[in-house]
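Undergrad: What follows is a predicted protein model with its sequence.
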Amino acid sequence: AMVSNSFIYQADAVMFDLEDSVILREKDAARRLVFHALQHPLYRETETIVRVNALDSIYGLADLEAVVRGGANIVRLPKTDTAQDVSDMETEIARIEVQCGRPLGSTGMLAAIESARGITQAVQIANASARLIGIALGAEDYVRDLRTERSPEGTELLFARCSILQAARAAGIQAFDTVYSQANNDAGFLHEAAHIKQLGFDGKSLINPRQIELLHNLYAPTLAERDHAQAVVDAAAAAEAEGLGVVSLNGKMVDSPVIERARLVLQRAALSGLRDE
Ligand SMILES: CC(=O)SCCNC(=O)CCNC(=O)[C@H](O)C(C)(C)COP(=O)(O)OP(=O)(O)OC[C@H]1O[C@@H](n2cnc3c(N)ncnc32)[C@H](O)[C@@H]1OP(=O)(O)O
Ligand SMILES: O=C([O-])CC(=O)C(=O)O
Ligand SMILES: [Mg+2]
């Protein structure tokens with residue numbers, strides 16, 4: 001049921017999971033279901049990501065064949081520990097693209113880091129392939145590896161989150177935060193989401209449709225913020241036309257970091273709309 005209607009919820013992307021939310025005896029059925037969903041006309045307008053099983057499992061290669069042939073936009077690698085994991089997956093994706101006649105390089109990749117070993121390798125992982133659109137944290141597996149559990153403050157995840165952000169930004173790709181597992185705890189979700197937005201993450205994996213609007217609303221600027229950003233971008237354009245590097249807007253200096261931030265606000269307004277004051 002979820003596969004047949006998840007496009008209606010207006011998430012930024014829909015991620016089908018073949019890995020840890022699918023029990024072993026359903027792996028083949030799930031793969032077939034996802035293969036067909038990817039080709040359904042109703043998913044054409046949606047960015048599709050599929051989390052496949054790792055290549056060193058007995059399901060990984062079959063998953064990848066179905067997902068690339070089905071035309072997924074992005075393959076999510078679970079439990080990425082090394083840059084080699086990314087390269088191995090990329091080699092197989094390229095082979096399948098050629099074999100099935102898809103343009104070489106058309107399938108993107110997103111590497112989830114879910115272990116202490118992976119976090120130590122975050123920089124190498126983030127630079128392992130030109131196909132990588134981003135890297136992500138998988139916190140449930142990560143805290144298991146650390147021998148702790150998740151807390152509301154997320155102290156135990158701070159090092160991993162900062163490592164992922166640093167590595168992603170240095171590589172020029174996106175950084176995505178992990179799931180918040182309590183689907184009915186809106187306050188807890190919002191607390192964590194505000195924290196990861198402040199750290200600099202581009203977004204977050206969600207497990208339940210109720211979390212979509214909460215996250216969009218958090219990332220969406222207010223009308224005042226959007227208008228201010230527009231004024232900054234307009235002032236910058238006027239300054240550039242006059243050959244000036246720095247300009248003042250209502251007495252405040254507007255230079256290139258301020259302009260970049262204003263562009264991000266406008267981008268988020270376009271993606272997520274506006275939130276109430
Ligand atoms: C550690 C990890 O690996 S996490 C990543 C893998 N796991 C997942 O992705 C889990 C996906 N999410 C879920 O299975 C469920 O949302 C749960 C188990 C967390 C909560 O289940 P429920 O309490 O039954 O969900 P809820 O009652 O809110 O569902 C409401 C509606 O949303 C739909 N829905 C719920 N979750 C999703 C989802 N992730 N994607 C699409 N639709 C969904 C339900 O089918 C239901 O639709 P309906 O009203 O048409 O019947
Ligand atoms: O990647 C995620 O956010 C979900 C996951 O597998 C984990 O937390 O271990
Ligand atoms: Mg995991």
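TA: Yep, it's here. What you are looking at is a predicted structure, and each value in this text was computed from that prediction instead of being measured. Ligands and ions are numbered 1, 2, ... in the order given.
Undergrad: got the residues of the stretch 151-277 of the chain near ligand 2?
TA: 178-179, 205 (Cβ under 6 Å from any ligand atom). For every residue, glycine as well, the C-beta is placed using N, CA and C.
Undergrad: which one among those residues gets closest to residue 15?
TA: Of all these, the one sitting nearest residue 15 is residue 205; the distance, using Cβ to Cβ, is 6.9 Å.
Undergrad: mind checking pLDDT for the closest one?
TA: At residue 205 the predicted local confidence, pLDDT, stands at 98.
Undergrad: Now do the contacts for it.
TA: With contacts defined as Cβ atoms under 8 Å, 6 or more residues apart in numbering, residue 205 is in contact with 15, 136, 176-179.
Undergrad: so where do the helices sit in this structure?
TA: 2-5, 27-39, 60-70, 83-100, 116-120, 122-126, 139-146, 158-171, 186-199, 210-219, 223-241, 256-272 (DSSP state H).
Undergrad: Could you export those helices as CSV, including distance to residue 77 and mean pLDDT?
TA: Written out in CSV, the entries for the helices of the chain read as follows (distance: least, Cβ to Cβ, whole Å; pLDDT from 0 to 100):
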stretch, distance to residue 77, mean pLDDT
helix 2-5, 21, 87
helix 27-39, 16, 97
helix 60-70, 9, 98
helix 83-100, 5, 98
helix 116-120, 10, 98
helix 122-126, 9, 98
helix 139-146, 13, 98
helix 158-171, 14, 98
helix 186-199, 21, 98
helix 210-219, 23, 94
helix 223-241, 35, 93
helix 256-272, 25, 92
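Undergrad: Among the ones you listed, which comes closest to residue 49?
TA: Using Cβ to Cβ, the nearest of these to residue 49 is helix 60-70, at 9.4 Å.
Undergrad: which parts of the closest one are buried?
TA: Residues of helix 60-70 classed as buried under the neighbour-count rule (16 or more other Cβ atoms under 10 Å) are 60, 62-70.
Undergrad: Tabulate those residues (a markdown table), appending distance to ligand 3.
TA: Converted to a markdown table, the buried residues of helix 60-70 look like this (distance: Cβ to the ion, whole Å):
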| residue | distance to ligand 3 |
| --- | --- |
| 60 | 15 |
| 62 | 20 |
| 63 | 15 |
| 64 | 18 |
| 65 | 22 |
| 66 | 20 |
| 67 | 18 |
| 68 | 22 |
| 69 | 25 |
| 70 | 22 |
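Undergrad: Any residues of the stretch 151-277 of the chain in contact with ligand 1? List them.
TA: Selection of the stretch 151-277 of the chain residues close to ligand 1 by Cβ under 6 Å from any ligand atom yields 179, 183, 207-209.
Undergrad: just the buried members of those residues?
TA: So, by 16+ other Cβ under 10 Å, the buried ones in these are residue 179.
Undergrad: Let me know the closest of the residues of the stretch 151-277 of the chain next to ligand 1 to residue 150.
TA: When these are compared against residue 150 (criterion: Cβ to Cβ), the nearest one is residue 179, at 10.3 Å.
Undergrad: Hmm, residue 208 and the closest one touching each other?
TA: No. Counting by Cβ atoms under 8 Å, residue 179 sits too far from residue 208 to count as a contact (9.3 Å).
Undergrad: Now render the helices of the chain as TSV, adding distance to residue 53.
TA: Listed next are those as TSV, based on distance: least, Cβ to Cβ, whole Å:
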stretch	distance to residue 53
helix 2-5	17
helix 27-39	7
helix 60-70	5
helix 83-100	11
helix 116-120	16
helix 122-126	18
helix 139-146	14
helix 158-171	22
helix 186-199	26
helix 210-219	25
helix 223-241	42
helix 256-272	31
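Undergrad: out of those, which comes closest to residue 106?
TA: Evaluated over the helices of the chain, closeness to residue 106 peaks at helix 83-100, with 6.5 Å, by Cβ to Cβ.
Undergrad: and the closest one, what does it pack onto?
TA: Using 3 or more Cβ pairs under 8 Å, 6 or more residues apart in numbering; DSSP states H and E, the elements in contact with helix 83-100 are helix 60-70, strand 74-77, strand 108-113, helix 122-126.
Undergrad: and which of the residues of the stretch 151-277 of the chain next to ligand 2 is nearest to residue 42?
TA: If you rank those by distance to residue 42 using Cβ to Cβ, residue 205 comes first, at 21.9 Å.
Undergrad: And that closest one, how close does it get to residue 135?
TA: In this structure, residue 205 and residue 135 are separated by 12 Å, where distance is defined by Cβ to Cβ, to the nearest Å.
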